[in-house]
Structure formats: C-alpha cells, structure tokens
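Enquirer: sequence plus predicted model, see below.
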Amino acid sequence: MLDFPTLDHVLLKDRPLVVCDVDDVVLEFLKPFEAYLEARGSKLLHRSYRLHGNIISLETEAALEDSVVSGLIESFFEDQERWQTPFAEAVDTLQALERDADVVFLTAMPPRFAEARRRLLDQLHLRFPMIATETPKGPVVKALHAGRTLPVGFIDDMAHNLHSVGEHVDTCLLIHMMPDSVIHRMAPKPADHVRRANDWPHAGEMLKAHFIASAV
Ligand SMILES: [Mg+2]
C-alpha cells in the first residue's frame with residue numbers, strides 16, 4: 001500500500017492553481033533515458049508504450065528481466081541531474097504563469113528520489129513546491145485544491161493521470177502534452193474532455209484563458 005503524500009509544505013494563495021507533471025512534460029524523460037540505456041549496453045525497442053519487456057541487451061539482444069528494467073529506471077532517477085533537461089519554453093512558461101497562479105509539481109516517482117529532483121528543478125529556477133508520489137494523482141489534486149472555487153488546471157503526458165484528476169476534480173482544466181516520439185504515439189489516448197496542448201506556449205495560453213473564463 002502506497003502512502004498518501006504529505007501536502008503540508010504546499011501553501012496555496014487565493015489565486016488559480018496549476019498542477020504539473022514533471023517527466024516528459026517539464027523535463028525530458030524518454031530521450032535521455034534511451035541515451036542512458038545505450039551508455040549501459042542496452043536499448044529500448046519502439047514496439048509498444050512500455051519500458052518493461054521492451055529493453056534488450058545490445059550484446060545478446062535478449063529482453064532484460066523486469067527487475068533489471070526497474071533497477072535501471074531507479075538508477076536513472078538517482079542520476080537524473082546528469083541526464084534530464086527541460087523542454088523548450090517550459091521554464092519561461094511556468095515562470096510567467098506563476099505571476100497569476102500557484103504552480104505545484106506532482107511527479108510520479110518513488111519519494112526517495114525527491115531530493116535529486118528538487119535540486120534539479122531548483123537549478124533550473126523552478127522553485128515551485130513539489131509532491132513526489134506513486135499514488136493516483138486525482139485524490140492528490142483533490143486534497144490540494146480542497147474544494148476551492150478558484151480555477152485549477154492540470155498538465156500531464158499520460159491519459160490515466162488526466163482521467164484520474166478529471167474524476168476527482170470535475171472543474172479542472174485537463175491538458176495533455178507529450179513529446180513527439182514513436183513510443184508516445186503508441187500511448188493510450190486521453191478521452192474527449194481532455195484538451196491537447198502542442199507545446200508549452202500553447203499550454204500557457206489555454207491556462208490563461210481558463211483563468212479568465214472561470215473568474216466571473
Ligand atoms: Mg510524465
């Protein structure tokens with residue numbers, strides 16, 4: 001059973017809220033992870049939207065055991081400061097949004113890697129509060145927003161996270177944004193109530209429009 005995350009460090013002001021995923025939304029995940037694998041003698045095959053079962057040894061071409069794949073994901077997160085970089089305009093857009101809204105990162109990773117992620121985000125001048133948890137995202141956003149009537153938006157690259165937040169916070173603007181890669185194109189598609197952003201400036205515009213439309 002996963003622990004529900006602590007939210008005490010997130011102090012919201014009386015203004016709109018933007019909850020934002022990190023991997024493959026703010027920081028590149030897939031691309032640097034593939035480079036990380038190749039540096040360790042393995043390779044991700046582009047045959048489905050899964051890491052487990054799709055990583056092979058370059059030497060034997062055999063698929064790596066699930067436990068080995070999980071170990072590689074964990075060591076990548078441990079070493080993330082040397083590998084992960086932000087997407088174009090992520091930093092500028094988030095900093096601009098922060099003038100009118102609270103920004104909170106909700107990152108799906110084991111909490112023990114939270115310190116490395118915090119340092120990396122701080123280095124990028126993204127000092128917004130962060131919640132690192134592997135629990136479903138909907139209940140976390142619900143607890144965070146706590147029934148306020150202020151506008152709220154959520155950005156993620158994965159359909160199941162967007163659906164989870166939509167189920168728990170029905171007023172939330174749900175924005176799907178993902179890198180353009182062969183693997184991401186094989187990912188489950190979000191339902192029709194989820195909006196698609198092409199890039200960070202587009203997501204920023206959608207959020208601003210939502211704040212204005214909700215502030216009546
Ligand atoms: Mg993500």
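Expert: Noted; the coordinates are in hand.
Enquirer: send me the longest helix anywhere in the chain as CSV with only the CA atoms.
Expert: In the chain, taking DSSP state H as the definition, the longest helix is helix 200-214. These are the backbone C-alpha positions of helix 200-214, laid out as CSV (Å, rounded to 0.1, in the frame of the first residue of the first chain):
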residue,chain,number,x,y,z
TRP,A,200,4.4,25.0,-23.6
PRO,A,201,3.3,28.4,-25.1
HIS,A,202,0.0,26.7,-26.2
ALA,A,203,-0.5,25.2,-22.7
GLY,A,204,0.2,28.6,-21.2
GLU,A,205,-2.4,30.2,-23.4
MET,A,206,-5.0,27.6,-22.5
LEU,A,207,-4.4,28.0,-18.8
LYS,A,208,-4.6,31.8,-19.0
ALA,A,209,-7.9,31.6,-21.0
HIS,A,210,-9.3,29.2,-18.4
PHE,A,211,-8.4,31.5,-15.5
ILE,A,212,-10.2,34.4,-17.3
ALA,A,213,-13.2,32.3,-18.2
SER,A,214,-13.5,31.0,-14.6
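Enquirer: that one - what's its average pLDDT?
Expert: With pLDDT averaged residue by residue, helix 200-214 scores 96.
Enquirer: for His145, which non-adjacent residue is spatially closest?
Expert: Leaving out its chain neighbours, the residue that sits closest to His145 by CB to CB, 6 or more residues apart in numbering is Val152, at 5.1 Å. (Each C-beta comes from the backbone N, C-alpha and C, glycine too.)
Enquirer: understood, closing this out.
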